[in-house]
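Chemist: okay, here's the prediction I keep looking at, along with the sequence it came from:
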2 protein chains.
Amino acid sequence: MALICEHNQRRAHVEPSALHTLRATPQNVHWGYFDPAQAPSLTVKSGDLVVAEAITHHAGDAPALMMDDAVWKIFKEIPEEDRNPGVHIMTGPIFVEGAKPGDMLEVRYHRMTPRNNYGSNLAANWGYLYKEFGEKERVTIYELDPNSNNARALYAYDFPGKYLVPGTVTECPVCDRQEALKGVRVPVRPHLGTAGVAPDVHGRVSTIPPGLHGGNIDNWRIGAGATMYYPVQVDGALFSIGDPHVSQGDGEISGTAIESSLNVTMQIILRKDFFFPSPLLETEDAFIVHGFDPDLNVATRNAALDMLRLLNEHHGLSRNDSYSLMSVAADFGVTQVVDATQGAHVRIPRNIFPPKGF
Amino acid sequence: MALICEHNQRRAHVEPSALHTLRATPQNVHWGYFDPAQAPSLTVKSGDLVVAEAITHHAGDAPALMMDDAVWKIFKEIPEEDRNPGVHIMTGPIFVEGAKPGDMLEVRYHRMTPRNNYGSNLAANWGYLYKEFGEKERVTIYELDPNSNNARALYAYDFPGKYLVPGTVTECPVCDRQEALKGVRVPVRPHLGTAGVAPDVHGRVSTIPPGLHGGNIDNWRIGAGATMYYPVQVDGALFSIGDPHVSQGDGEISGTAIESSLNVTMQIILRKDFFFPSPLLETEDAFIVHGFDPDLNVATRNAALDMLRLLNEHHGLSRNDSYSLMSVAADFGVTQVVDATQGAHVRIPRNIFPPKGF
């Protein structure tokens, strides 16, 4: 089976035939779901470049800062009853010519730039420590400093009531604003919380649980410079992006990251020369596999088995060698501890492998 | 409550009153257990420097490479029936004058150097994928290259029978040796798999499950340059080190790391000015808390609650601020997925905090 790419070598250049722009409009987004029956917003050929707008569904936490006219239009024109069963605003889907189930969709994320310099973190009712905080929800608004690549908290407020409707717009009176995280600087690492191909299902499937199609993986390493490989489930792949973050810790324990709209430049490449059964991430320094399950123990085991497969089938190591190498060099992490589906991942450094032809 | 140390400032200099050497001899080691009734091997004052030898219990996997005369003496003179209920060879205990339950023992690990250039990884019967490998155990011997700070596999062999006795010596005939991991280079990160104070129990307690006293935490970040804070459980603290590793991935999934004897230089400082209930790690770039439980879900939750406590009580952030910050900047990881007790940890970057007096 083919290697994903040649170790210690640059990835093959793929010439784009076109550069597309995909704006976030009410017509070009779908809110809360993947649906293989949905008409595409854009059709591309393998290798094409796409600049797409990803809009945070938390823009309403600070409308004066995070909502421009185009964002308001989405929030106004997509009724609340059409935002389900999940919560994320997804831009797409993008139909990739020739993509068939069993192919891999390689997405090279070239650039992710904030749409504005503001983001929201919600300590949510689905957060990990919701009960420990007396079932209170709280919003902290962050401001990005593009010069230092840091974010700082601008203010915070207790959310009135319960945050149940995706895209709630809260007109927080100035008098309710509280100082937050004085002097603290959070490193900015823009990434997509949710992105993936349409699952092979009948009807809508929630954007919330991640799965083999990708979805809400919430790995902050899925940023500019990273490449994701998604197993195609349906004809045309029907790839969508959403849930943009400017910073998140592994675990995302309050239930959200710093949620902030991003403009994403990516190259979409159809791969028919290899297959991997779950979403695979390649960064500058590591290959990363993901496992998902309602039980973190099981999610971790799934990720372990996929790393074994990656090393064995794609890196040419024996199963025995793969197992030893994983124990001494692969790091297990927790990507997601909130929501019904837990996420685990395993990272193996790229630079441990011999150059090609060794 | 006092801060652990001042952010963005160098830690206070503590003048040592003595430099001690603690050799690994049959008299100075205890094999498989902590025991608060054990007589100390060494008594130190707060601030003293100690150079201690930590011996791997896996030296017998490649006796010609990993066992010198002093190591042989330990293996010969400590009978198998005295190696229990755990498996690790522990050097110590070190009695710290004035240490009382409720104090913290700060251990600054200054230097960890391999005793020899060889280490063993066992795919063990307690490993994470033991069943998936047909209940086979296998040893991979690694050689360290001190110039490149990498390790490479030297050879591997299937372990004959079942690896049940700590300190088994296997005279592997050359003909059984198989080539392993050709061309692969593993980054070396020497650290202690097991170290801690004596728990407040009656009799022996196994070295295998980590706990509030420290023990078998298996975090590869506990290396040179790192500082650990252990909550003292008994008078004199009775600190011991063992289970030296030269490399391990988070998770240590085959059941062992690259197990290799290390010489450890450390400074032992008694802290009566702050308390933290679980083993706390401070590295060059992060503060790290640990959680333990037979269920990884619970271990993860314990670690989350301790990070909340650290930020709230020791970094002066409100609980609300701490929770938001954890979600956007703290990374959850899996330290240990083998053995009965699972280990989780949470890392928060040091450089996000404001300088003192901000």
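Modeler: Structure's in. What do you need? Residues are numbered from 1 along each chain as shown, chains lettered A, B, ... in the order given.
Chemist: for burial, what's the neighbour tally of the closest residue to chain B within the stretch 151-300 of chain A?
Modeler: Proximity of the stretch 151-300 of chain A to chain B (CB to the nearest CB) peaks at A:Gly183, 2.8 Å away. (Each C-beta comes from the backbone N, C-alpha and C, glycine too.) By the criterion of other CB atoms under 10 Å in any protein chain shown, A:Gly183 has 15 neighbours.
Chemist: name the SS class of it, please.
Modeler: What DSSP: H, G, I helix; E, B strand; the rest coil gives for A:Gly183 is coil.
Chemist: could you verify my assumption that it touches B:Pro354?
Modeler: Yes: at 2.8 Å, A:Gly183 and B:Pro354 qualify as touching, with contact defined as CB atoms under 8 Å.
Chemist: what's the longest helix along chain A packed up against?
Modeler: For chain A, the longest helix by residue count, based on DSSP state H, is helix A:296-309. On a contact count with 3 or more CB pairs under 8 Å, 6 or more residues apart in numbering or on different chains; DSSP states H and E, helix A:296-309 meets strand A:286-293, helix A:319-329, strand A:331-336, strand A:342-349, helix B:296-309.
Chemist: tabulate these in JSON lines, adding columns for distance to A:Pro93.
Modeler: What follows is those, written out as JSON lines (distance: least, CB to CB, whole Å):
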{"stretch": "strand A:286-293", "distance to A:Pro93": "21"}
{"stretch": "helix A:319-329", "distance to A:Pro93": "35"}
{"stretch": "strand A:331-336", "distance to A:Pro93": "23"}
{"stretch": "strand A:342-349", "distance to A:Pro93": "23"}
{"stretch": "helix B:296-309", "distance to A:Pro93": "34"}
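Chemist: would you turn the ones you listed into TSV with mean pLDDT and distance to B:Arg111?
Modeler: Shown next, in TSV, are the helices and strands packed on helix A:296-309 (pLDDT from 0 to 100; distance: least, CB to CB, whole Å):
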stretch	mean pLDDT	distance to B:Arg111
strand A:286-293	97	28
helix A:319-329	98	22
strand A:331-336	96	24
strand A:342-349	96	24
helix B:296-309	96	28
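Chemist: the ones you listed: which one's closest to A:Thr25?
Modeler: Evaluated with CB to CB, the helices and strands packed on helix A:296-309 place strand A:331-336 nearest to A:Thr25, the distance being 29.6 Å.
Chemist: quick check: closest non-adjacent residue to A:Gln233.
Modeler: A:Asp200 (4.2 Å; CB to CB, 6 or more residues apart in numbering or on different chains).
Chemist: pull up the pairing partners for the helix or strand hosting A:Thr265, direction included.
Modeler: If you go by DSSP states H and E, A:Thr265 is part of strand A:262-271. Take DSSP bridges as the rule and strand A:262-271 pairs in its sheet with strand A:49-54 (antiparallel), strand A:104-114 (antiparallel).
Chemist: let me have those in a markdown table, extended by mean neighbour count, mean pLDDT and distance to A:Asn121.
Modeler: Shown next, in a markdown table, are those (neighbours: other CB atoms under 10 Å in any protein chain shown; pLDDT from 0 to 100; distance: least, CB to CB, whole Å):
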| stretch | mean neighbour count | mean pLDDT | distance to A:Asn121 |
| --- | --- | --- | --- |
| strand A:49-54 | 22 | 98 | 17 |
| strand A:104-114 | 20 | 97 | 15 |
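Chemist: for B:Ala151, which of the ones you listed is the nearest?
Modeler: That would be strand A:104-114 among these, by CB to CB, at 32.3 Å.
Chemist: now the closest one - C-alpha only, PDB.
Modeler: Provided in PDB are the C-alpha atoms of strand A:104-114 (Å, rounded to 0.1, in the frame of the first residue of the first chain):
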ATOM      1  CA  MET A 104      -9.400   9.700   0.400                       C
ATOM      2  CA  LEU A 105     -10.000  13.400   0.400                       C
ATOM      3  CA  GLU A 106      -6.700  15.200   1.100                       C
ATOM      4  CA  VAL A 107      -7.200  18.700   2.300                       C
ATOM      5  CA  ARG A 108      -4.100  20.900   2.600                       C
ATOM      6  CA  TYR A 109      -4.900  23.800   4.900                       C
ATOM      7  CA  HIS A 110      -2.700  26.600   3.700                       C
ATOM      8  CA  ARG A 111      -4.000  29.600   5.500                       C
ATOM      9  CA  MET A 112      -6.500  30.400   8.300                       C
ATOM     10  CA  THR A 113      -7.000  34.100   9.100                       C
ATOM     11  CA  PRO A 114      -9.500  35.600  11.500                       C
END
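Chemist: now do that strand: distance to the chain's middle.
Modeler: 10 Å (CA atoms, centre = their mean, to the nearest Å).
Chemist: which secondary structure elements does the helix or strand following it sit against?
Modeler: Sequence-wise, the next helix or strand downstream of strand A:104-114 (DSSP H and E) is strand A:118-123. With contacts taken as 3+ CB pairs under 8 Å, 6+ apart, strand A:118-123 sits against helix A:63-66, strand A:138-145, strand A:239-247, strand A:258-259, helix B:319-329.
Chemist: out of these, deepest packed?
Modeler: Comparing the helices and strands packed on strand A:118-123 on average neighbours per residue, with mean count of other CB atoms under 10 Å in any protein chain shown, the densest one is strand A:239-247 at a mean of 30.
Chemist: give me the sheet partners of it and which way each runs.
Modeler: Going by DSSP bridges, the partners of strand A:239-247 are strand A:89-96 (antiparallel), strand A:191-196 (antiparallel), strand A:258-259 (antiparallel).
Chemist: so which residues make contact with the second one?
Modeler: Right, strand A:191-196. Outside of strand A:191-196, the residues within contact range by CB atoms under 8 Å, 6 or more residues apart in numbering or on different chains are A:34, A:54, A:88, A:90, A:107, A:109, A:112, A:207, A:210-211, A:213-223, A:226, A:228, A:230, A:239-245, A:248, A:257, A:259, A:262, A:264, A:279.
Chemist: try the first one
Modeler: With contacts defined as CB under 8 Å, 6+ apart, strand A:89-96 is touched by A:22, A:24, A:28-31, A:33-34, A:38, A:40-46, A:50, A:52-57, A:74, A:105, A:167, A:194, A:198, A:207, A:236-243, A:268, A:270.
Chemist: of those residues, grab the buried ones for ChimeraX.
Modeler: The ChimeraX selection below is limited to those of the contacts of strand A:89-96 classed as buried (16 or more other CB atoms under 10 Å in any protein chain shown):
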select /A:22,24,28,29,30,31,33,34,38,40,41,42,44,46,50,52,53,54,55,56,57,74,105,167,194,198,207,236,237,238,239,240,241,242,243,268,270
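Chemist: hmm, back to that, among the helices and strands packed on helix A:296-309, which comes closest to B:Trp126?
Modeler: Across the helices and strands packed on helix A:296-309, B:Trp126 has its closest neighbour in helix A:319-329 (11.9 Å, CB to CB).
Chemist: so what does the closest one touch, helix or strand wise?
Modeler: Against helix A:319-329 (3+ CB pairs under 8 Å, 6+ apart) you get helix A:296-309, strand A:342-349, strand B:118-123, strand B:138-145, strand B:150-158, strand B:186-187.
Chemist: where does the prediction get shaky in chain A?
Modeler: Applying pLDDT under 70 to chain A flags residues A:1-11, A:356-358.
Chemist: domain-wise, how is it divided?
Modeler: What automatic domain parsing lists as the domains of chain A is A:13-273, A:282-349.
Chemist: for those, which one ends up most surrounded?
Modeler: domain A:282-349 (a mean of 22).
Chemist: from start to finish, how long is that domain in a straight line?
Modeler: Distance between the boundary residues of domain A:282-349 (CA to CA, to the nearest Å) amounts to 10 Å.
Chemist: before I go, just wanted to say thanks for your time.
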